[in-house]
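Trainee: I would like the atomic coordinates for the input below:
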Amino acid sequence: MIVVVGISHRTAPIDVRERFALPDAEVCTFLRELVARADVREAFVVSTCNRVEVIAAGADAAAESLERAALACREALCARGEGIERHLYTYLGARAVQHLFRVASSLDSLVLGEPQILGQLKQAFERARLEGTLGPVLHRTFPRAIRTAKRVRNETAIGTGQVSVPTAAVDLARQIFGDLQGRQVVLIGSGEMGRIVARLFRDAGAELTVFARRSEAAEKLAREVRGTGRLVDELPEGLVRADIVVSSTSAPHYVISENMLQNVRKARRGRSLFLIDLAVPRDIEPTVGRLESVFLYNIDDLAHVVEESRSGRLREAEHAERILEEEARGFERWVDAEQATPVIKALRARLRSAVEVEVERSFRGRLRDLGPEHRAAVLKMLDAALNRMLHHPTQRLREEAISEDGISLEQLAETLEELFDLSGVEPSALEKGSLRPPMFESGERSVEPEGAFEGQPAEPAEPLSWRRATGN
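Mentor: Numbering: from 1, shown residues only. Model (predicted):
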């Protein structure tokens, strides 16, 4: 199981989130340092405008191990600065899995049903994969989160209407101006958020000017939306003519300062200016909103716009929650059943080893005259019998692993270990998938019957003892 530690728009205002946002350039270093801690084996980080979350796995699935992993994640986040501790939330085990599923399905987003979060999660997971901070636990868990999100998207109408933070920003502009046809819109930033906003304003009939740090990026997006591309250095001039400004860069400092707008206001001669800041950390200095005829909205201010369109999707959200609970329960049952795997492998290995010893003895004794074809037939028959004999115990062990009544898996495992002397058995060495054909004499050399083993490497020509031949 996993742990989730983080902050989001539900627990922290924007002035807290922006101080602890993890830029892409810092994520890899953070991940390396985190998994270097003894209590964290695997991790990836999701950092968006509305959340910073660490999804991690500890040394094992024990409750104590999960608690230690969660504590390590909290310490790593708190080390980024003071003031975050009281805003952090922590989920362990099944609750952490459910939370990850909710986030992937956009049920925990500022805009219920928005599609961007799934892509952001995939990017975060891929970054961690390339960094080498993932392992078997997260590789098992994350695909189930993706599967849940796809079910929610396909089986509900929660995403109907292209709901997202960018659409909320455009809806806000419509509330202010009504028809956006011919309005002068300045867009700062050419990333994914900027592209979505640009297309929405273009479709609404606005005239766009795109500002970016690189002229190539500005001109490329401007061509897509039939606008004009300019460098950020020319921004003050562009603000003079703007009706609406939308900023969504990853800059570590303010792109629009109060001093800049003080100078721009003189040239605007009292015309109102509406600014929408979608960035975290923020692109626009908050004190700008105090200036006369300047109206500033940040991403948290979009919440009331979102709420007006949220009610129509709440019924779909209830359906989505049922899907999520079903997927989470299925994943928990699968994880519980996996706990029986080591016992099953050890039991299979012990019985297989015993059968192989007797087969070797028979092939060197009464059955020594059997040819390669008949020996292979005997091996195939015994292998089938062994699988049939173990089928029911295997099923019962897996059933008990997920059952809330009856004998516990721990009790069954202890009984089997005592009855069959499973302590010290190494399934990886004994579990071959099919019975191993014993060596038999042919003149001076020890050879294997041709075709008797599927996929097994040829043995050396010199005679081998049974233990050497079986890897014991």
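Trainee: next, residue 370: phi, psi?
Mentor: Here is the backbone geometry of residue 370 (degrees, to the nearest 10): phi -70, psi 140.
Trainee: ditto for residue 282
Mentor: The phi and psi values for residue 282, taken as degrees, to the nearest 10, are phi -70, psi 150.
Trainee: what's the neighbour count on the residue nearest to it when sequence neighbours are not counted?
Mentor: Leaving aside its sequence neighbours, residue 282 sits nearest to residue 18 (C-beta to C-beta, 6 or more residues apart in numbering; 5.7 Å). Backbone N, C-alpha and C define where each C-beta goes, glycine included. Other residues near residue 18 number 16, with proximity taken as other C-beta atoms under 10 Å.
Trainee: show me what contacts residue 39?
Mentor: Going by C-beta atoms under 8 Å, 6 or more residues apart in numbering, residue 39 touches 58, 59, 65, 68, 69, 71, 72.
Trainee: which one of the residues you listed is nearest residue 316?
Mentor: Distance ranking of the contacts of residue 39 against residue 316, using C-beta to C-beta, places residue 69 first at 34.4 Å.
Trainee: do you know the pLDDT at that closest one?
Mentor: pLDDT recorded at residue 69 is 96.
Trainee: do the same with residue 471
Mentor: pLDDT, residue 471: 36.
Trainee: now the helix or strand the residue nearest to residue 282 falls within: buried residues?
Mentor: Counting by DSSP states H and E, the secondary-structure element that holds residue 18 is helix 14-20. Of the residues in helix 14-20, those buried by neighbour count under the rule 16 or more other C-beta atoms under 10 Å are 14, 16, 17, 18, 20.
Trainee: give the other helices and strands that the following helix or strand past it contacts.
Mentor: The helix or strand immediately downstream of helix 14-20 is helix 24-35, counting by DSSP H and E. With contacts taken as 3 or more C-beta pairs under 8 Å, 6 or more residues apart in numbering; DSSP states H and E, helix 24-35 sits against strand 42-47, helix 63-78, helix 116-131.
Trainee: winner for burial among those?
Mentor: strand 42-47 (a mean of 25; mean count of other C-beta atoms under 10 Å).
Trainee: which residues are in contact with that strand?
Mentor: Contacts of strand 42-47 from elsewhere in the structure, counted by C-beta under 8 Å, 6+ apart, are 6, 21-24, 27, 30-31, 34-35, 52-57, 73, 103, 120-121, 124-125, 127-128, 133-135, 137-138.
Trainee: switch the cut-off to 6 Å
Mentor: With C-beta atoms under 6 Å, 6 or more residues apart in numbering as the contact definition, strand 42-47 has outside contacts at 21-22, 27, 31, 34-35, 53-57, 121, 124-125, 128, 133-135, 137-138.
Trainee: then stretch 86-93?
Mentor: Stretch 86-93 is touched from outside by 1, 3, 4, 5, 7, 11, 12, 16, 66, 70, 74, 99, with contacts defined as C-beta under 6 Å, 6+ apart.
Trainee: looking at the residues you listed, which is nearest residue 252?
Mentor: Within the contacts of stretch 86-93, proximity to residue 252 (C-beta to C-beta) peaks at residue 16, which comes in at 16.6 Å.
Trainee: show me the strands in this protein, by range?
Mentor: According to DSSP state E, the chain carries its strands in the segments 3-8, 42-47, 51-57, 89-92, 184-188, 207-212, 228-231, 244-247, 273-277, 294-298, 440-442, 445-447.
Trainee: mean confidence (pLDDT) on the fourth one, please.
Mentor: Right, strand 89-92. Here the mean pLDDT over strand 89-92 is 96, rounded to a whole number.
Trainee: same check on the last one?
Mentor: Strand 445-447 carries an average pLDDT of 33.
Trainee: got it, and the fifth one?
Mentor: Taken as a whole, strand 184-188 has a mean pLDDT of 95.
Trainee: now do that strand against strand 207-212, angle only.
Mentor: 20 degrees (axes from the mean of the first three to the mean of the last three C-alpha atoms, to 10 degrees).
Trainee: domains for the chain, by residue range?
Mentor: 3-159, 165-310, 336-470 (automatic domain parsing).
Trainee: can you redo the strands of the chain as CSV with distance to residue 147?
Mentor: As requested, those are arranged in CSV below (distance: least, C-beta to C-beta, whole Å):
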stretch, distance to residue 147
strand 3-8, 18
strand 42-47, 17
strand 51-57, 16
strand 89-92, 20
strand 184-188, 35
strand 207-212, 37
strand 228-231, 40
strand 244-247, 34
strand 273-277, 35
strand 294-298, 34
strand 440-442, 50
strand 445-447, 50
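Trainee: you'd agree residue 4 is up against residue 55?
Mentor: Yes. In this structure, residue 4 is within contact of residue 55 by C-beta atoms under 6 Å, at 5.4 Å.
Trainee: more neighbours: which of those two?
Mentor: Under the criterion of other C-beta under 10 Å, the comparison of residue 4 against residue 55 puts residue 55 first, with 29 against 22.
Trainee: beta-bridge partners for the more buried one, please?
Mentor: With DSSP bridges as the criterion, residue 55 is bridged to residue 4, residue 44.
Trainee: surely it touches residue 3?
Mentor: No. Contact between residue 55 and residue 3 fails when scored by C-beta under 6 Å: they sit 7.6 Å apart.
Trainee: show me the shaky parts of the stretch 101-250 of the chain.
Mentor: Along the stretch 101-250 of the chain, segments meeting pLDDT under 70 span 159-163.
Trainee: do a quick rundown of the helices in it.
Mentor: Using DSSP state H, counting those that start in this stretch, the helices of the stretch 101-250 of the chain run over residues 116-131, 136-155, 165-177, 192-203, 215-224, 235-241.
Trainee: distance to residue 319 for the ones you listed - can I get that in JSON lines?
Mentor: Conversion of those to JSON lines gives the following (distance: least, C-beta to C-beta, whole Å):
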{"stretch": "helix 116-131", "distance to residue 319": "18"}
{"stretch": "helix 136-155", "distance to residue 319": "7"}
{"stretch": "helix 165-177", "distance to residue 319": "22"}
{"stretch": "helix 192-203", "distance to residue 319": "26"}
{"stretch": "helix 215-224", "distance to residue 319": "36"}
{"stretch": "helix 235-241", "distance to residue 319": "45"}
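Trainee: and residue 78, which of those is closest to it?
Mentor: For the helices of the stretch 101-250 of the chain, the distance to residue 78 is smallest for helix 116-131, at 20.5 Å, taking C-beta to C-beta.
Trainee: ok, back up a step: make TSV out of the domains of the chain and add distance to residue 330.
Mentor: Output for these, formatted as TSV (distance: least, C-beta to C-beta, whole Å):
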stretch	distance to residue 330
domain 3-159	8
domain 165-310	29
domain 336-470	10
